[in-house]
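>>> model this:
(chains A and B)
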Amino acid sequence: MTENLIGGSFPRIDGVEKVTGSATYAADMKLPGMLYARLLTSPHAHATIRDINTEKAKALYGVKAVLTGADLPYRVGLYMVDKPVLADGKARYFGEPVAAVAAISEEIAEEAVKLIEVDYEPLEPVLDAKKALEADAPLVHPDLDSYECIRGVFCPKGGTNIANHFRLKKGDAEEAFTRCDKIIENEFYVPQVQHVPMETHASIAHWKPKGNIEIWTSAQSPFAVRHLLSVALGMSQSMIRVVVPYLGGAFGGKAGIHLEPLVALLSKAAGYRPVRIVATREQEFMTLPCRQGLHARVKTGVNAEGRILSQEIEYIWDAGAYADYGVNIGRASGYSGAGPYEIDNVKMDSLTVYTTKPFGTAYRGFGHVELFWAIESQMDIVAQELKMDPVEFRMKNLLKPGATTITGEEITKYTGSVRKCLEEVAKEIKWGETCGDGGGETCGDGGARGRGESAPADAPTNAPTNGRHGSRSKGKVRAKGIAVLHKAPAMPPNTASSAIMKFNEDATVDLLVSGIDYGQGTATSLSQIAAHELKLPFERIHFIWNKDTDFSPYDWQTVASRFTVMGGLSIIKAAEDATRQIKDVAAEALNVKPDALEVKDGVVFVKEDPSLALDYTDVVMGYKFDNGNSIGGPVIGRGNYIAEGLTNLDPETGQGLPALNWTYGAHAVEIEVDTRTGDIEILKLASAFDVGKVINEGLCRGQVIGGCVQGVGSAIHEQYIYDKAGRLLNASLTDYKIPTVKDIPHEITPIFVETPHDKGPFGARGVAEHPMISVPPVIANAIFNGTGVRIKELPLSPERVFLALNPGRSKT
Amino acid sequence: MLPEICYHSVTSVDDALALLKRHGRDAGILAGGTDLLIGMQDGTACVRHLIDIKPIPGLGELSVSDSGDLAIGACATINRLLEEGVPPGMEALAQAADVLATYQIRNRATVGGNVCNASPACDLGPPLLVLDAEVRAVSPNGERTIPLKDFFTGVKCTCCGPDEIVTHIMIPASPGPRVSSFRKRQRLKGHDLAMVNAAAAYSREAGLKVALGAVAETPILIGGLDGAGLDDRAKVLDTVANSISPIDDVRGSRTYRLKMAEFLVGEVLDELVAKFKEGQA
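Just a heads-up that it's a prediction; the model follows:
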């Protein structure tokens, strides 16, 4: 039963709890005497708060605490400490919390919120990140220079709206452009979007009279919450306990720290009563963070053979009002921002820019969904300019062993193969063959026409049959597209994990780690690794679900597709430690040397005489000789792992080693565009990832399918829409649409390439974020191949596609 | 969050009218509540007294008279309408019901509620308009019947008086064989409010009728089609284009709505032609 633990499809261990509704989430929990918090949020995108009158709210029966920014002189933040707990003197976005109430019921708290009077003086909003860079743009953070951040890693520019300027220089891009046969430059745009987790943010805090704080919260990273709170409040970490129960989806939106400081301070202000806050769905959109927007400009120089000689890239990230997490998105997207291509000359500027909109944070892909919209659209445009097949063009330029990345990292045979991924998806989509039964008639080669021209209805039919052309019937065009991707975990170079395995009397094992499984399936795959390493049946591993900083071992954060790798490596070491303890005790009991012993299926035995054996139940709590003398004691394995060999990047050139590992991938798609409406039907999406080693095939497939569907959301449906004053107009699921079951691809084919990574557990790499990356450009590339129309702005909504296909025929 | 309310469950129209009179502007009529409760939650509907008319006998039912008139009780749910089916020639109504919100919402949402909420984008508006539907309303002054095209008076406004309750939606039998069709454009293929919707009906006796939603302040029956037949497509499209005035909003631009209105009208006409050829009318 300990065979085939790695690579099989164990069902997720949290399935029964979730399906039966018995899993407990933070929002389900109640503590004795608990109060309920509600927020007053800003109706302005940018306004000075002249005065707040809370007298009427405080006088309302049942109200126990009312707080405003003036009461809370704290700033919080992961990388850039720029976030007040409540708006501090000015509101920087529509939806920003300005005041908070704790009361004996939600109804009373809501009533009290309505009684708070705020005198605002509206300021000019800053709604466009490019305009925010202009010299006369209003400053979102006039005190930027005084904020704390790691200088040298991040480069804020006081007196501007630039929260971080990441620079990268490899070779001499300017010189190399002079040697190019073609130079192609384009601009692309990605709007802000929401994570839309099923569970909105929820936190309960209890500030105790003794001065310690207990928190139950919907967070991805209990230790990050504890650390950031201790820094913000100037308290010892030992005084703060953070518990994370079941978590109902997060996607990056619950990384770092969010409502925890506010409820803790409300609890203190309310006379040490516990306080709970649960964000409404509307607040999830407008008050809690979203994904940053991106303006990208990419200039690519190629020679006639199709080699990319030079690339100049400018990323302007629309961070929104705060960039506490966002600055690192600008950095991480900078060092991987040219895609998985070998380019000798690169100049990159990645600017994280404040605007007066809801602020961005981590979101599945950490900037890569956005930057690959630009890169993989651009690569197809360049191939088209060269009249070269997009697969062939990429194959000429993709990284391979011996090449160096744009930060100077050498690619080895262990790095993984993006080429193999591209080959696999091209084969799966039958690249090079005409599309399926969409009428059979071959549509023109969109790629053969110049940009901006479009004539879908009467496209030429003399193009070579290379498989990316559409076929059409009844105004419907079928076409294929491809795109590639990569991403490495974005994290500080000293990021660490740890694991503890406690044996129980019956030789089952409590497995403690502090990565959170909010749907990825990590708990199941880590349990498989633990069982495999302890040579125990899977059923004997008891994965401890609740994470509690008082009891659980340290982990930095559950982000960046890093937990199967880093948690897995910690577990392997913990299992070694526990097995060593078991063998030491058994050796003494059996009077042999420890290395004469072997373990299997919960039995420790002498290799050369397996009849000399002890069951784990006789060992793991200590061994008792017949006369009662005992040795050993409870077995507790411990293991840790810290990222090794990573470096900070040179602030001027961006050179260094930022990546623990790279996961490569590729998508290929066949779509049908209805030229009469702009509707896109995704007939098939084939997606390959070099995961190194599949730990749990079913869960890997789940990650790919889920990521692809979320990618379809970013590609076709999702965007924040504002009015001219910066008010978010679609802060609800009525008008913010995510894909339903009717909108997802008819077929998603996950493909796993297994080039083992030399440092991953069993050779594995992460694959949590990657499936979402490059879904938007693979669809846009297919639209172009079918219709000859190139769209450079997301989402590819029916309306946008229709108007792009029919530019002249619109009338207003 | 819902404000504090007083909930009244009534079993007769008279009781409902009495409560309506007593509480005046504070009263709200509750059928399915799928629009009203949301309005109360977000503060756009100020209701202190909810009068639940679902228990009134007969209001949840559909009936067809001997002459073929369909009477839909105001509290008949959308799913009830779909399960019981509509008489021949009224298929547009079933097509619209089938894409109204989600199955779960359709278990609660009612035909009367969809009509009385009077959203410009309501899905039942266009099919009921082309099927010559009438609204039966009762007040202390007695009962009256209002043609649906006169019932809608503005965005979320009807000609229903503050003391009046809608009890039935009536669809008179067609004087001759009729075909009808409905289509809807929305932002995605899953459930959504209409960006534009359109219905058409045709019989030799009554001619062609076309109605659209989400292109004006109310669902509108296109006038000036007198005498137009199924083959007068250009005239129909032209008349439609001159009759509608969609707005730009988060669900779609005016430009795109105009194009989609044209597309949908083409689609419903295509279906009418196909059904007509099949001999359904």
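
>>> which residue, other than its chain neighbours, is closest to A:T579?
In space, A:T579 comes closest to A:V599 once its chain neighbours are excluded; the distance is 5.9 Å by CB to CB, 6 or more residues apart in numbering or on different chains. Heads up, the C-betas are built off the backbone N, CA and C, glycines and all.

>>> ok now the strand or helix carrying that neighbour, how far from the chain's centre?
Assigned by DSSP states H and E, A:V599 belongs to strand A:597-600. The gap between the average C-alpha position of strand A:597-600 and the chain average comes to 40 Å, counting by CA atoms, centre = their mean, to the nearest Å.

>>> show me what it is packed against.
Counting contacts by 3 or more CB pairs under 8 Å, 6 or more residues apart in numbering or on different chains; DSSP states H and E, strand A:597-600 packs against helix A:563-590, strand A:603-606.

>>> against B:M170, how distant is A:A362?
As judged by CB to CB, to the nearest Å, A:A362 and B:M170 stand 57 Å apart.

>>> same check on B:K149?
Relative to B:M170, B:K149 is positioned 14 Å away (criterion: CB to CB).

>>> list phi and psi for whatever residue of the stretch 101-250 of chain B ends up closest to chain A.
Closest approach between the stretch 101-250 of chain B and chain A, counting by CB to the nearest CB: B:G190, at 2.5 Å. Per-residue torsions, B:G190: phi -70, psi -170 (degrees, to the nearest 10).

>>> now do the contacts for it.
A:K737, A:P739, A:T740, A:V741, A:K742, A:D743 (CB atoms under 8 Å, 6 or more residues apart in numbering or on different chains).

>>> narrow those to those in strands?
Within the contacts of B:G190, no residue falls in strands by DSSP state E.

>>> can you pick out the most distant pair from those residues?
Among those, the pair separated by the greatest distance (CB to CB) is A:K737 and A:V741, at 13.3 Å.

>>> so which of those two has more stuff around it?
In this view A:K737 and A:V741 are compared by other CB atoms under 10 Å in any protein chain shown, and A:K737 has more residues nearby, 24 against 8.

>>> gap between that one and chain B?
Counting by CB to the nearest CB, to the nearest Å, the gap from A:K737 to chain B is 5 Å.

>>> before we move on, what about A:V559?
A:V559 is 29 Å from chain B, by CB to the nearest CB.

>>> three-state assignment of the closest residue in space to A:G337 that isn't next to it in sequence?
Distances taken as CB to CB, 6+ apart place A:L371 nearest to A:G337, at 5.2 Å, with adjacent residues excluded. Of the three states, A:L371 takes helix according to DSSP: H, G, I helix; E, B strand; the rest coil.

>>> need the contact partners of the strand holding A:V599.
With contact meaning CB under 8 Å, 6+ apart, strand A:597-600 is reached by A:2, A:534-535, A:579, A:582-583, A:586-587, A:590, A:604-607.

>>> from these, list the buried ones, please.
Among the contacts of strand A:597-600, those classed as buried by 16 or more other CB atoms under 10 Å in any protein chain shown are A:T2, A:L534, A:K535, A:T579, A:I582, A:K583, A:A586, A:A587, A:L590, A:V604, A:F605, A:V606.

>>> re the thing from before, the strand holding A:V599: which residues count as buried?
Buried positions in strand A:597-600, judged by neighbour count with 16+ other CB under 10 Å: A:L597, A:V599.

>>> what do you get for stretch A:631-638?
For stretch A:631-638, using 16+ other CB under 10 Å, the buried residues are A:G632, A:V635, A:I636, A:G637, A:R638.

>>> how about the closest residue in space to the third one that isn't next to it in sequence, secondary structure?
To tie it back to what came earlier, the one meant is A:I636. The shortest distance from A:I636 to any residue other than its chain neighbours is 5.2 Å, reached at A:K502 (CB to CB, 6+ apart). Under three-state DSSP, the three-state class of A:K502 is strand.

>>> show me what the worst-scoring helix or strand of chain B on mean pLDDT is packed up against.
Least confident helix or strand of chain B, by mean pLDDT, DSSP states H and E, is helix B:36-42 with a mean of 91. Using 3+ CB pairs under 8 Å, 6+ apart, the elements in contact with helix B:36-42 are strand B:27-30.

>>> close to chain A: what parts of chain B are there?
For chain B, the residues in contact with chain A (CB under 8 Å from any CB of the partner chain) are B:1, B:4, B:185, B:187-193, B:250-256, B:258-260, B:263.

>>> buried ones among these?
Using 16+ other CB under 10 Å as the burial test, the residues of chain B next to chain A include B:185, B:187-188, B:190-193, B:251-256, B:258-260, B:263 as buried.

>>> take those residues and keep only those in helices.
Per DSSP state H, helices hold the following members of those: B:R254, B:T255, B:Y256, B:L258, B:K259, B:M260, B:F263.

>>> which residues are in contact with the third one?
For B:Y256, the residues meeting the contact criterion (CB under 8 Å, 6+ apart) are A:E799, A:F802, A:L803, A:S810, B:M195.

>>> neighbours around the last one, how many?
Other residues within reach of B:M195, judged by other CB under 10 Å, total 25.

>>> from the contacts of B:G190, which is closest to B:V86?
Set against B:V86, the nearest of these by CB to CB is A:K742 (24.0 Å).

>>> tell me how many other residues surround that closest one.
Count around A:K742 with other CB under 10 Å applied: 9.

>>> again with B:A173
For B:A173, the count of nearby residues is 17 (other CB under 10 Å).

>>> what's the answer for B:K21, then?
By the criterion of other CB under 10 Å, B:K21 has 13 neighbours.

>>> please name the nearest non-neighbouring residue to it.
Nearest to B:K21 is B:D163, by CB to CB, 6+ apart, at 5.8 Å.

>>> and if you look at B:S9?
B:D52 (4.7 Å).

>>> dump the residue contacts of that neighbour.
Contact analysis of B:D52 by CB under 8 Å, 6+ apart lists B:Y7, B:H8, B:S9, B:V10, B:L30.

>>> do you know the pLDDT at the last one?
So that's B:L30. The model reports B:L30 with a pLDDT of 97.

>>> check B:F152 too.
Listed pLDDT for B:F152 reads 98.

>>> hmm, it is touching B:A216, no?
No: the criterion here is CB atoms under 8 Å, and B:F152 misses it with B:A216 at 9.6 Å.

>>> phi, psi of A:P191?
Per degrees, to the nearest 10, the backbone of A:P191 is at phi -80, psi 170.

>>> tell me, how many residues neighbour it?
Around A:P191 there are 20 residues (other CB under 10 Å).

>>> now it: closest residue in space, sequence neighbours ignored.
Nearest non-adjacent residue to A:P191, counting by CB to CB, 6+ apart: A:Q719, 4.0 Å away.

>>> equivalent analysis for A:E644, please.
Nearest to A:E644 is A:K759, by CB to CB, 6+ apart, at 7.6 Å.
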